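A.B. asks: how would this look folded up:
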Amino acid sequence: MESSKLYLIQHEKMFIRGLGTGAFVPTQELSRKELLQEYIKTTAIRKNWNGVDRYGAAAFARECLEVEFYRESTACTFKNS
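C.D. replies: Below you'll find the predicted structure:
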């Protein structure tokens, strides 16, 4: 992969990692899970990617969302133990 594109996807991943964590906005109306879901939806309609690998970014966001679902399911398990 071209170094400038790698640089851009790494920054997009940093943005995705920060969604819902307070890294960008101290208080959120939406949860991290909801923000990731919205990000994934917008990847289909976003026009200007400025060289960022659109499919790679969406795949990474889906991976992060899976982690959130896993955390949610295991948190419920531990609460009920």
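
A.B. asks: going forward, measure contacts between C-alpha atoms and count neighbours the same way
C.D. replies: OK.

A.B. asks: surely Ile16 meets Ala59?
C.D. replies: No - using C-alpha atoms under 8 Å, Ile16 makes no contact with Ala59, being 10.9 Å away.

A.B. asks: quick one: which of these two has more around it?
C.D. replies: Ile16 (20 against 13; other C-alpha atoms under 10 Å).

A.B. asks: The more buried one: what's its closest spatial neighbour, skipping adjacent residues?
C.D. replies: Of all residues beyond its chain neighbours, the one nearest Ile16 is Ala61 (6.4 Å), with distances taken as C-alpha to C-alpha, 6 or more residues apart in numbering.

A.B. asks: Quick one: neighbours of the one you found, just the number.
C.D. replies: For Ala61, using other C-alpha under 10 Å, the count is 24.

A.B. asks: So Ile40 versus Thr74, what's the distance?
C.D. replies: Using C-alpha to C-alpha, to the nearest Å, Ile40 is found at 23 Å from Thr74.
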